[in-house]
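Novice: Below are the sequence and a predicted model for it; my questions follow.
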Amino acid sequence: MKWASLVLSAALLAYPLLLPDPFYLDVGLSFLLVALSASAWNIVGGYAGQVSVGHGMFFGVGAYAPLLVFNLWGAPPVAGVPLGIIISLILAVGVGTPTFRLQGHYFSMATIAVAELIRILVGTWPLVGAAIGLQGPAVGRAWWDLTFRSELPYYYLFLAVLALLLLITQQVERSRFGYYLRAIKSGERAARSLGVPVQRTKLYALMLSAVFTSLAGSLYAIKTGFVDPESGFGLLISVQMVIIAALGGAGTLYGPLVGALVLIPLQTATNDWLGGGGTGLTYILYGGIIVLLARFEPGGLHELWYAVAPKLKRRLQRKERPHAA
Amino acid sequence: MTNHRVNRRSLLLTGAAAAASLATRVSPSLAADTVTVGVVEPLTGNAAAAGQAAKAALELAVDIINNPHPELGNLTLAAMAGLPNLGGAKLKLIFADHQGNPSLAQQLALRLITQDHVNALFGAYQSSCSFTATAVAERHGIPFMVGESAAANITGRGFKWVFRGTPIASDYARTYMRFVADMKKRGVKIDSIALVNENTDYGTSVADTVQEAAKKENVPVALRIPYSASTTDVSAQVLQLKEKNPDLVIFISYTADSILYIKTLRNLNYLPPMVLGDDSGFSDPSFIPAIADIGQGLMNRSAWAIGKPGSTTYKINEMYKAKTGRDLDDTSGRDMQSFFALADALNRAGSTDPEKIRVALTKTDLKPDQLMMGYEGVRFDQTGQNVLASTYLIQLKGKTYELVWPDNAATAKLDWPMKGWKQ
Amino acid sequence: MLLAQVIVGGLLLGAIYALFSAGLTLIWGMMNFINFAHGEFVMLGMYFALLTVLWVHGGPAVFTLAAALLLFLAGVVVYFALVRHVLRGPMLAQILSTFGLALLLRYTAFWIFSANVVSLPQTSLSGVVNLGGIFMPLPHLVAGLAAAALTLALHVLLTRTSIGSRLLAVAEDRRAAMLMGIRPDRMQAIAWGLAAGSAGLAGALMATAYPWSPSVGETFVLTAFVVVTLGGFGSVLGAMLAGLIIGIIQALSAFYLGAIYKDVVVYALFVALLWFRPQGLMGKA
């Protein structure tokens, strides 16, 4: 555990030094952003097993808030981050309270419906840019606008937020709250009979998840300098979080990271090679890989490790033994 | 719990493999005799059809520039092979698919600039993607030609490196208002108009601009109907129109919805005096075959006219048709024209130095006979917008559109009202 | 008169919603499985109808049947190749597999047919019926009536025939059904065939009235989710009722509030319903 965290942190910290090229840095940014939003989703979707397919609503709110305060009052975009978090929390309570009384797919369906509802409404509301969307400062006025010419500052900013989220998730995992979540995931009725406050726990998980998803959205908007209904609230945004987390291993600390680590380079490389041809092969490949993984590795990629790890361990031990002797 | 056993090695391995796979991408050899232009277009996703058509049109433009085509008359750079001021250097396109995702458009612009070392950029169809991709070009000091994006403020953000060859919403609005005034002068009754627009950036920004212009010109807008283009049923909208019965209905629509509207007008037996399409869906090659028998006399905006056999535009269309099996549409035509303007600047710059290209772009002055589109020319103001871009109105007669307005360019007589399905 | 016209339009569209949602509710109710690729089945039905018309010049009866049969087969293949293996796995793997399948199908269609919008060539199914001032386009009328009839037929199949009772037995209790000599695998494959087949049929019927492109499925799947949840998971009759109601609500709200608000109204009602009657319209509490 400690080892994994250390090596991972070292690799992520060193990435910009190893590949300082702006394009690779930008790919690194995509990776961090996707890992961040999928990790945030993971709290409620993975640990608590409540599959939200509408997390785009929090991402979008988080993305709109900074650009909104900039466009309305000329405030630095960062000032909108708390606003995004507050609205996301209200949304989380509004969606969670009724649906968490129910079991099964109702929560999934409700989240899709609410996210779509917000996407359409935002697209017709002139104050928030309607269909055209909102832009950030084209050229930063000062450092507090956070419009950096280089991708490097963004990289470490994103990395810091991701580290914070993982740290919190790790604490949650070890806490009583974490046990509640796992109990709910493995059976709500049993959890309730053991005295777990099921509804409240699910709601808290959703709220924590919403805060960080909103934060991911804010970081996205500050870095991209633009958001419109589709790139904020689109179904694809919500779906991507599910795919990344499920692919790597939902309900595990590093699962979403593994998912992002596989999918982002894969997406980038296939779009790079095949995208210009315009035949849609990128998506055929992407869809095909997802299907195959779901078919053969339904628990997520991190489970591969448990198939390989014992053998590796044995081989390592064999190597190390003469050394130790 | 088992989750903390995620292994470091597999992480590293995947990461390394990923990095390697990215790093081994063959970067194009930048021989001195090629000039590369990076093109970001939506080749997949919801706007894929438009992106694909644009891709084919740009490939044709490059073919025209790189190979001698004396038969195309005065068209920019057609007669000779390559760019003469660069010693006959050939143009090369690198396409990238942004899938309609603004953040991906940003990343791809970055890739094209820093990895592929393109000399200029071109794109990006959706305004959202043009916003983000142009910002990257501006930061890196690489000229960006916006081929065809509607939102007004893509130019005019104080950017030095962004140019746009296409006419924009305000040009269209002006054309429509001049048309309405002209019709009234001829004694045609136009007491009110209606605007029906799809509700993404394109439809919204055009409809907003037209509505504003109509207000200024005292043309009553009886009805404005925004709708989602992915709809499967438009009867409610048509019934709303039927109730208000405006004299002119302007549709700002994509392809499937345009077809659906004309069919629904027929189905609900409501024929407005005139239907005017704002290009886009009405110019899609799928549109005419689907509605020709019920949409006779409907009008459309276009700066593109195939023209008489033997004309330059006719030949261009034949070449496009041989390549794709479809007629060239106005949207891709405007892309192609913007690209010719960029190529012209690359040639006049006589160098691949970005600053020289930018200066050449600001000095662009193309005359109508050098163009394939019906603009009055190409000249960029200090925001980078082409101020000589203009547009025609065309009318469906039989199975083709004929140019009917303005009078000085018209090749056929304007019929008012439209006949629709009533022969 | 105008109101009647609006309502008739909504009902005809709602009948189609009912038909393509019927398949979704069947496998949802039977296997507790959300199929995100259901809209792609509708899309494939549209293209199969087009190919039938282009290649064998089939009339409406031929191309709708062809689409239904081909999609039935596709459903069975999807079941054996994919669904069967993820059915009892984690729910996320199920979602993942059908997301992936949706992408795969959509972009395979994209690859083959390109992104261009196509419509069905004029068939014998054209013209408008004028019923006392209410206009009903023949394709919509036939499609709507056929969809309503077929949805009812599916309901009868499930509730009144032996194959239906065997299907429901598997849904109720897989192990008990096995003890009764029913092979759950075969029954579930049939359910997938029926689900995909009815989606394909709905697609072929819609193709007579609507132009489309490979991404059309996305529009349908969200509507189908709402219909299925409203109608109660697993209830074909519920889906029928919910489909018609949503058709009318969309038509009325598009006419009185504006076209962009029709989905807003549907989603808002849907969320409100989750508050007050979570078991759906026809579901048991």
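Specialist: All right, it came through fine. Numbers count the residues shown, from 1 in each chain, chains lettered A, B, ... in the order given.
Novice: I'd guessed residue B:69 sits against residue B:81; true?
Specialist: No. With contact defined as Cβ atoms under 8 Å, residue B:69 does not count as touching residue B:81 (9.1 Å). C-beta coordinates here come from the backbone N, C-alpha and C atoms, glycine included.
Novice: Neighbour count: those two, which is higher?
Specialist: residue B:69 (20 against 14; other Cβ atoms under 10 Å in any protein chain shown).
Novice: per-residue confidence at that one?
Specialist: Looking at residue B:69, its pLDDT is 94.
Novice: Start from the N-terminal end of chain A and give the strands.
Specialist: For chain A, the strands defined by DSSP state E occupy A:134-135, A:226-227.
Novice: Residue A:12 touches residue A:156, doesn't it?
Specialist: No. Using Cβ under 8 Å, residue A:12 is not in contact with residue A:156, being 9.7 Å away.
Novice: More neighbours: which of the two?
Specialist: residue A:12 (22 against 13).
Novice: Model confidence at the more buried one, what's the number?
Specialist: For residue A:12, the pLDDT comes out at 90.
Novice: how close does it get to residue B:357?
Specialist: According to Cβ to Cβ, to the nearest Å, residue A:12 and residue B:357 sit 38 Å apart.
Novice: Among the strands of chain A, which comes closest to chain B?
Specialist: Nearest to chain B, of all the strands of chain A, is strand A:226-227, at 5.0 Å by Cβ to the nearest Cβ.
Novice: Could you list every helix and strand that the closest one packs against?
Specialist: Strand A:226-227 is packed against helix A:56-73, strand A:134-135, helix B:127-140, with contacts defined by 3 or more Cβ pairs under 8 Å, 6 or more residues apart in numbering or on different chains; DSSP states H and E.
Novice: need those in JSON lines with mean pLDDT and mean neighbour count, can you?
Specialist: As requested, the helices and strands packed on strand A:226-227 are exported to JSON lines (pLDDT from 0 to 100; neighbours: other Cβ atoms under 10 Å in any protein chain shown):
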{"stretch": "helix A:56-73", "mean pLDDT": "96", "mean neighbour count": "27"}
{"stretch": "strand A:134-135", "mean pLDDT": "92", "mean neighbour count": "24"}
{"stretch": "helix B:127-140", "mean pLDDT": "92", "mean neighbour count": "26"}
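Novice: Mind listing what's buried along the longest helix along chain C?
Specialist: Counting residues, the longest helix found in chain C (DSSP state H) is helix C:2-31. Residues C:5-31 are the ones in helix C:2-31 that count as buried (16 or more other Cβ atoms under 10 Å in any protein chain shown).
Novice: That one vs chain B: in contact?
Specialist: Yes. Using Cβ under 8 Å from any Cβ of the partner chain, helix C:2-31 reaches chain B at C:2, C:5, C:6, C:9, C:13.
Novice: phi, psi of the residue nearest to the first one when sequence neighbours are not counted?
Specialist: Across the structure, with Cβ to Cβ, 6 or more residues apart in numbering or on different chains as the measure, the residue nearest residue C:2 apart from its sequence neighbours is residue B:239 (6.2 Å). Backbone torsions for residue B:239, taken as degrees, to the nearest 10, come to phi -70, psi -40.
Novice: Flag every residue of chain C that's near chain B.
Specialist: Close to chain B, as judged by Cβ under 8 Å from any Cβ, chain C has residues C:2, C:5-6, C:9, C:13, C:107, C:110, C:114-119, C:128, C:130, C:135, C:137, C:140, C:206, C:209-213, C:215-216, C:218-219, C:250-251, C:254-255, C:258-260, C:262-263.
Novice: Pull out the buried members of those residues.
Specialist: For those, a burial check counting by 16+ other Cβ under 10 Å picks out C:5-6, C:9, C:13, C:107, C:110, C:114-119, C:128, C:135, C:137, C:140, C:206, C:209-213, C:215-216, C:218-219, C:250-251, C:254-255, C:258-260, C:262-263.
Novice: Just the ones of the residues you listed in helices?
Specialist: Among those, DSSP H puts C:5-6, C:9, C:13, C:107, C:110, C:140, C:206, C:218-219, C:250-251, C:254-255, C:262-263 in helices.
Novice: what's the closest of the residues you listed to residue A:182?
Specialist: Residue A:182 has its nearest neighbour among those in residue C:218, at 34.5 Å by Cβ to Cβ.
Novice: my read: the closest one touches residue B:228, true?
Specialist: No. Applying Cβ under 8 Å, one finds residue C:218 not in contact with residue B:228, separated by 11.8 Å.
Novice: quick one, helices of the stretch 101-250 of chain B?
Specialist: Here the stretch 101-250 of chain B has its helices, by DSSP state H, counting those that start in this stretch, at B:102-114, B:127-140, B:169-185, B:201-216, B:235-244.
Novice: now do chain A
Specialist: Under DSSP H, chain A gives helices at A:2-18, A:22-42, A:56-73, A:81-99, A:106-122, A:152-174, A:176-186, A:188-193, A:198-224, A:229-233, A:235-248, A:255-274, A:281-296, A:302-324.
Novice: quick one: contacts for residue C:246?
Specialist: Listed by Cβ atoms under 8 Å, 6 or more residues apart in numbering or on different chains, the contact set of residue C:246 reads C:14, C:17, C:223, C:226, C:227, C:230, C:266.
Novice: repeat that with 6 Å
Specialist: Neighbouring residues of residue C:246 by Cβ atoms under 6 Å, 6 or more residues apart in numbering or on different chains: C:17, C:227, C:266.
Novice: Check residue B:366 too.
Specialist: Contacts for residue B:366 (Cβ under 6 Å, 6+ apart) come out as B:377, B:378.
Novice: Now do the same for it: its pLDDT.
Specialist: We note a pLDDT of 95 for residue B:366 in this prediction.
Novice: give me the beta-bridge partners of it?
Specialist: Beta-bridge partners for residue B:366, by DSSP bridges, are residue B:378.
Novice: What residues does the stretch 1-150 of chain B have near chain C?
Specialist: B:46, B:48, B:49, B:52 (Cβ under 6 Å from any Cβ of the partner chain).
Novice: Could you rerun that using 8 Å?
Specialist: Near chain C, when you scan the stretch 1-150 of chain B using Cβ under 8 Å from any Cβ, you find B:44, B:45, B:46, B:48, B:49, B:51, B:52.
Novice: Quick check: the nearest residue to the fourth one once chain neighbours are set aside vs residue B:100, distance?
Specialist: With sequence-adjacent residues excluded and distances taken as Cβ to Cβ, 6+ apart, residue B:48 is closest to residue C:115, at 3.6 Å. Look at residue C:115 and residue B:100: by Cβ to Cβ, they are 12 Å apart.
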